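In: Structure for this input, please:
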Amino acid sequence: AAAPKKQKRAKKRPRTRRQIAQLRYVMIRDVESMIRSSDPAVRASAPSRARENIDRLEHLARETGDLSYRPDASMYNSLVRAHAKSGGRNAAKRAEDVLDAMREASTSTAKASADAEEGEDGIARMRPDAKTYTAVIDAWARSKDRDAPVRAERILFRMMDEAEDAARMAAADLPVPGGEVVLPTSATCDAVLNAWARRNSREGAESAERILARMEKLRDARGEADAEQQGSGASIRPTAYSYATVISAWARSRGGAEAAEKAEAVLTKMLAKGSAVRPNAVAFNAVIDAWSRSGDPRAGTKAVELLDRMEGLRRKAAVPEGDAEDDDVEDLRPDVITYNSVINALAATASSDPDAPRRAGEVFARLESDAGCPPPNVRSYNSLLKAWAKSRLPESAVKADEILRGMIDEAANKSGGDESEVRPDVVSFSTALDAWAKSDESGKATKARSLLDAMVEFHREAGPVKASNEGGKGDRSNGDDAVSCYNAVLNACALSANDPNPDERKRALEVSVSTFRACRQSSSAATGGGIRSRPDAVTYGTMLKCVSNLVPPGQTRDGMASSLFGRCRDDGLVSTMVLGQLRRAASPGAVDELLSSAAGGSGGKAVDISDLPKEWKKNAKERGGGRRGATGGSAAAGKRGGGGKNRKGGGRHHHKQGRGGRRSSDDGDEPLLPVMRGLTETSWQSGKDV
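Out: Numbers count the residues shown, from 1 in each chain. This next block holds a predicted model:
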């Protein structure tokens, strides 16, 4: 009975080198599966598992005296990658510590062992390779540490310095010590470029471009053939991805038109005659994105020109009909991202360019007719909706409404996997509702509420309206993000104060009350298939704005304002915007009564947002810059952007100057200046009357 047990124990320990290699493979695959897990807790435990594997092999090597068990570079690379992907606080530092330990161990052991160069005892194989360095740099690229790009760049430049020394020795016909120099690969350099691009700053873009210039210098110094021969096949040369990353760094640098021009200059370098790297759709898309972010009035025109240039280059390089297309030609084919970026760039200029919505529609039509490109997706429609919503054309709201209802009909008629491609999301509805809020159409409150009802009906009949159908973190079913749609309807009601028809103004007040009630009722749960949405600080602030704009001063108005503020206070949603709108909606006496407890009896006008109890504002989200809780009106709310996250519905709030440099009234106890009567308020100017 004892003999089988001994035989069973013997099978547990590998004896041949092939079995040892298989054991390492299983260990690495186990760690990689943890790294790729969607569960953050599993990814966080991957470094511990990788370290356990290394310790186990070290133990087997000591116990058996067989150095073949010793962990090699692949095992340590697995540990470095586990740190890089773990999301831990000091993950990048731990990954670099592993790299330093590998360098030190391989150097000291090589001096002590004459057999290290052979690599048969597992010692030489501990020397870090290009994958090790790339994994450490990637860890720093993912790190949120302020100096992360600098640390990543330091590692890369150390490798580049060694590579340049090796290149000079090779040019002088001097032998380069084999294995002593680990050359960076394109992936290594791209990881550092990505680290700087994530800084979203001018410094990051300039640093990325500096690294790209050094990559070009290294490529020219060594020559592509030498780069392929040295360092175990590693090559140091910028790729199309490298250039696209630098372009993206400029696009994300918040540098306006200058940044867009610099991004386009990088593309021009790629297009120059004799360039070693030709641009692809990714590079063009990054430049178009740079212009769309620039805020420059030329953005739309520039984006269309780049699209035309892209298609022109593709036609010029096309092979004769009947032959297979070259890969470089196919790489220049505009994709749905290209078209979406162009439409978005046109949308960004729609407020200043009356022709932008029409041109956006033409680009959208080109996307629909491009047989080699996937059909328009929800982002395509949302960008087109944005172009009309930001336009000041009289027909903008009607056009946006038509596009959205077309999306609803198409999604309802389709079945199968393509349904999600055109399925409207919260962004779609809130953008179209914002167009109604900003329009001069009579009865816009009723029309906006009709569109909101269509959203609720679509949610009930066709399934959840998601916060976003564009993928990523926002891709989730009905949630509190739908509150932006309710806020947009309330905003349309508040801005109906200019409607020449008194019946429509009365109807706007009724719509605001019913919409606010519907929003509160839907906050508990989606009953009967209805959509769920929880009121936020912007909801209360915009409803107070409706009271201020649509209810005549008096006891009724004070009562409505007091009731709204009481609910807002109980929900912990009092914000700078709410406080400013309360002062506009209620009389000074009513404000004093509501805020006197927080003011210590000194009067409500002296109360700052910071003076209020924490329970009143615990759930409010203040955003934007400026001074928090300015007294005496909603000018502070204008600076802060409304105190909430409503980007589409409640919008931003900017302080306006009246003619002659005089300020429009915000305080509610002061009549509006007569000179303001001819102005029309737009949806992002919450807190001002007309």
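
In: and the helix or strand where Ala95 lies, how far out from the chain's middle?
Out: Per DSSP states H and E, Ala95 falls inside helix 91-112. Averaging C-alpha positions (CA atoms, centre = their mean, to the nearest Å) puts helix 91-112 36 Å from its chain's average.

In: buried residues in that helix?
Out: Using 16 or more other CB atoms under 10 Å as the test for burial, helix 91-112 gives Ala91, Ala92, Lys93, Arg94, Ala95, Glu96, Val98, Leu99, Met102, Ser106, Thr109, Ala110. Where you see a C-beta, it was placed from the backbone N, CA and C, and this is true even at glycine.

In: can these go into CSV with extra columns for pLDDT and distance to Leu452?
Out: Below are the buried residues of helix 91-112 laid out as CSV (pLDDT from 0 to 100; distance: CB to CB, whole Å):
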residue, pLDDT, distance to Leu452
Ala91, 88, 45
Ala92, 88, 47
Lys93, 90, 51
Arg94, 91, 51
Ala95, 89, 50
Glu96, 89, 53
Val98, 89, 55
Leu99, 87, 56
Met102, 84, 61
Ser106, 71, 66
Thr109, 57, 71
Ala110, 50, 72
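
In: contacting residues around whichever helix or strand Arg460 is part of?
Out: Assigned by DSSP H and E, Arg460 belongs to helix 444-462. For helix 444-462, contacts defined as CB atoms under 8 Å, 6 or more residues apart in numbering pick out 397, 401, 404-405, 408, 411-412, 423-424, 429, 432-433, 436-437, 441, 465, 478, 482, 485-486, 488-489, 492-493, 495-496, 499, 504, 507-508, 511-512, 514-515, 528-531.

In: 7 Å instead, please
Out: With contact meaning CB atoms under 7 Å, 6 or more residues apart in numbering, helix 444-462 is reached by 397, 401, 408, 411-412, 429, 432-433, 436-437, 441, 465, 478, 485-486, 488-489, 492-493, 496, 507-508, 511, 515, 529-531.

In: Let me know the average pLDDT across that helix.
Out: Helix 444-462 shows a mean pLDDT of 91.

In: in it, what counts as buried?
Out: Buried residues in helix 444-462 (16+ other CB under 10 Å): 444-449, 451-452, 454-456, 458-459.

In: Just the element for Val136, please.
Out: helix 130-142.

In: nope, Asn491 is what I meant
Out: helix 483-494.

In: what's the angle from that helix to helix 444-462?
Out: With axes from the mean of the first three to the mean of the last three CA atoms, to 10 degrees defining the directions, helix 483-494 sits at 160 degrees from helix 444-462.

In: contacting residues around the nearest residue to Ile236 once chain neighbours are set aside?
Out: Using CB to CB, 6 or more residues apart in numbering and skipping the chain neighbours, the partner closest in space to Ile236 is Leu218 (4.6 Å). Residues near Leu218 by CB under 7 Å, 6+ apart: Met160, Ala163, Glu164, Ile236.

In: out of these, what pair is the most spread apart?
Out: Spatially, the most separated pair among the contacts of Leu218 is Glu164 and Ile236, at 9.5 Å (CB to CB).

In: The two: who's more crowded?
Out: The neighbour count for Glu164 versus Ile236, taken as other CB atoms under 10 Å, is higher for Ile236 (28 against 17).

In: Distance of that one relative to Gln22?
Out: 34 Å (CB to CB, to the nearest Å).

In: Please apply the same query to Met310.
Out: Plainly put, Met310 is 49 Å away from Gln22 if you go by CB to CB.

In: more neighbours, the two?
Out: Met310 (23 against 12).

In: My read is that that one contacts Asp335, right?
Out: No - checked against CB atoms under 7 Å, the pair Met310 and Asp335 is beyond contact range at 10.3 Å.

In: what are the ranges of the helices in the stretch 201-350 of the chain?
Out: 202-222, 224-229, 240-251, 256-271, 281-294, 299-317, 327-331, 336-348 (DSSP state H, counting those that start in this stretch).

In: Tell me the buried residues in the fourth one?
Out: Translated: helix 256-271. So, applying 16+ other CB under 10 Å, buried residues of helix 256-271: Ala257, Ala259, Ala260, Glu261, Lys262, Ala263, Glu264, Val266, Leu267, Met270.

In: returning to that earlier point: after the helix holding Val136, which helix or strand is next?
Out: For helix 130-142, the succeeding helix or strand toward the C-terminus, using DSSP H and E, is helix 148-171.

In: List the first helix or strand encountered after that following helix toward the C-terminus.
Out: Note on helix 148-171: by DSSP H and E, the next helix or strand toward the C-terminus is helix 186-197.

In: what does that next one rub up against?
Out: Residues contacting helix 186-197 (CB under 7 Å, 6+ apart): 130, 133-134, 137-138, 140-141, 148-149, 152-153, 156, 159, 204, 207-208, 211-212, 215, 235, 237, 239, 241-242, 245-246, 248-249, 252.

In: Could you give the average pLDDT over it?
Out: 89.

In: tell me how far that helix is from the chain's mean position?
Out: With CA atoms, centre = their mean as the basis, helix 186-197 stands 19 Å off its chain's centre.

In: Between helix 240-251 and that helix, find me the angle.
Out: 10 degrees.

In: could I get helix 186-197 in CSV with only the CA atoms?
Out: Only the C-alpha atoms of helix 186-197 are listed here, as CSV (Å, rounded to 0.1, in the frame of the first residue of the first chain):
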residue,chain,number,x,y,z
SER,A,186,8.4,50.3,-30.8
ALA,A,187,6.1,49.0,-28.1
THR,A,188,8.4,50.2,-25.4
CYS,A,189,8.6,53.7,-26.8
ASP,A,190,4.9,53.8,-27.5
ALA,A,191,4.2,53.0,-23.9
VAL,A,192,6.1,56.2,-22.8
LEU,A,193,4.4,58.2,-25.5
ASN,A,194,1.1,57.0,-24.1
ALA,A,195,2.1,58.0,-20.6
TRP,A,196,2.8,61.6,-21.7
ALA,A,197,-0.4,61.7,-23.8
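
In: Can you pull the poorly scored residue ranges out of the chain?
Out: Low-confidence segments of the chain (pLDDT under 70): 1-15, 107-125, 175-180, 221-235, 318-330, 414-421, 468-481, 523-530, 599-605, 623-690.

In: what sits against the closest residue to Val342 other than its chain neighbours?
Out: Nearest non-adjacent residue to Val342, counting by CB to CB, 6+ apart: Ala303, 4.4 Å away. For Ala303, the contacting residues are Ile288, Trp291, Ser292, Ser341, Val342, Ala345, Leu346, by CB under 7 Å, 6+ apart.

In: which among those residues gets closest to Tyr69?
Out: Ser341 (53.5 Å).

In: Tell me how far the residue lying closest to that closest one once chain neighbours are set aside lies from Gly463.
Out: Excluding the flanking residues, the one nearest Ser341 by CB to CB, 6+ apart is Ile288, at 4.2 Å. Ile288 sits 33 Å away from Gly463, going by CB to CB.
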